[in-house]
Every structure is written in C-alpha cells, then in structure tokens.
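Colleague: I need the structure of the sequence given here:
(2 chains)
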Amino acid sequence: DAGITQSPRHKVTETGTPVTLRCHQTENHRYMYWYRQDPGHGLRLIHYSYGVKDTDKGEVSDGYSVSRSKTEDFLLTLESATSSQTSVYFCAISATLLLSGNTIYFGEGSWLTVV
Amino acid sequence: KQEVTQIPAALSVPEGENLVLNCSFTDSAIYNLQWFRQDPGKGLTSLLLIQSSQREQTSGRLNASLDKSSGRSTLYIAASQPGDSATYLCAVNNNAGNMLTFGGGTRLMVKP
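Modeller: Numbers count the residues shown, from 1 in each chain, chains lettered A, B, ... in the order given. I've put the predicted structure just below:
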C-alpha cells in the first residue's frame, strides 16, 4: 500500500465551522489531489498540487481552499462548512502527471458530516 | 465537458461466471483510461490503465479494452470469485488537464 495517511478519518461538525483535513504521504510524490465522493456523482476533483506552494483548482473547488507547505503534506480546508459538503474526501498522490500513465494512489478516505 | 457513464450500476452473478463491465465517455480526446476497484469503506486501487494508443491491457483474470473512437471501454473478469465483490470504477484523463473524470461505478456481487 502507498504510504498515504488521512486525518481525521471521521468527523462530525456544525454548519459554519471551519474544518481542515490533512493528507500525509511518505512516497515523496510530486502531485497530490483532493477528491470528494458522493452518491450519483462519483469522484470529483476539488484541488490538486504540483509542488510545494503550487496548487490548482479542480472541478468543484468553490468553498474549499488548500495548502501545501511541505512535499509530504496537503491540507484541505472548508472555511465555513455547509451541509452540501457532507461527503467522503479522498486524498491521492502520483509521481508524475496523470497523462503519462503512472499509477495514482488513493488514501482510505475521510468521512465528513456537517450538521 | 467530459462525462463518464457506467452501466449497470449494480450486478449480481454466481461464482465462476465470466462477466463484462461497461464504461462510456463522451469526449474521445483522452490520454488514458483506468479501471479501479473500491472495497466498502476503503480507497480506490488501480487495476488496469490503458493509454490512448493501446487497445487492451491484461492482468491475471482481468482484461480491459478501449475503443477510443466510439468512447467505450470494457472490463472483462474471467471466472469470477466472491473476492471480486466490490465497486468497479472507470476514469478517463483527457485534455482538461491533470484530472481524472470518474464514472459512477458498478457495484459487483459474486455469490458463492
């Protein structure tokens, strides 16, 4: 298994509170991603990073921000959580751009419930 | 905008059957297509990746084919086993950038 650790694995929070999810990798991969998985929508990319302090938006980035201050850590922040952000969040990593065909590895997921 | 569809959404078969899972995509300008497996409560594991210039890839009892011009891929599982029970997702990487577009998945149950 790829060395990806997500924390927390489960969280219940109230509407309007800030939430930060952490992804930690031990593979020294350049690219890191945050996806969310919802019934009926599959997995959708929120943000990704292509290096320290280098990030880009994905398909569903509104309401989310990210930061990468070290190669091994990629943080996803919900500034003010809403019920529509109740989801399962997956971190993923890859050594190269996805178009090159290298494997992408996923973490175990973080279950977030906003009440 | 790329859209990926997987049919059926769920499938139940007896052990030992050969089966085919289907994936279709709307934009044929893809770099590659991947098939993933997801067990309940777990992350995704990559099974097979087909580059746009390839027609198929094989790994053990799994064979994935790609027909880029028609926007279709199939995952063939031979001699299915109860341990194959999981959700199978396909995803394409296209010219939109460093992003995978996923289908909704097919939930497979193989009964002993």
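Colleague: and chain B, which residues reach chain A?
Modeller: Chain B has residues B:4, B:31-32, B:34, B:41-46, B:49, B:51, B:89, B:91, B:93, B:97-100, B:102-105 near chain A, with proximity defined as CB under 8 Å from any CB of the partner chain. For glycine as for every other residue, the C-beta is placed from the backbone atoms N, C-alpha and C.
Colleague: Longest strand in chain A, please.
Modeller: strand A:42-51 (DSSP state E).
Colleague: That one: which residues count as buried?
Modeller: Buried residues in strand A:42-51, counting neighbours by 16 or more other CB atoms under 10 Å in any protein chain shown, are found at A:Gly42, A:Leu43, A:Arg44, A:Leu45, A:Ile46, A:His47, A:Tyr48, A:Ser49.
Colleague: and what of stretch B:67-77?
Modeller: Result for stretch B:67-77 [16+ other CB under 10 Å]: buried residues B:Lys68, B:Gly71, B:Ser73, B:Thr74, B:Leu75, B:Ile77.
Colleague: any idea where the strands of the chain begin and end?
Modeller: Since you didn't name a chain, this refers to chain A. A:4-7, A:10-13, A:19-25, A:31-38, A:42-51, A:54-57, A:64-70, A:73-78, A:87-94, A:104-106, A:110-114.
Colleague: if you could check chain B rather than the one you did, that'd help
Modeller: Counting by DSSP E, chain B has strands at residues B:4-7, B:10-14, B:19-25, B:30-38, B:44-51, B:56-59, B:62-67, B:72-77, B:86-94, B:100-102, B:106-111.
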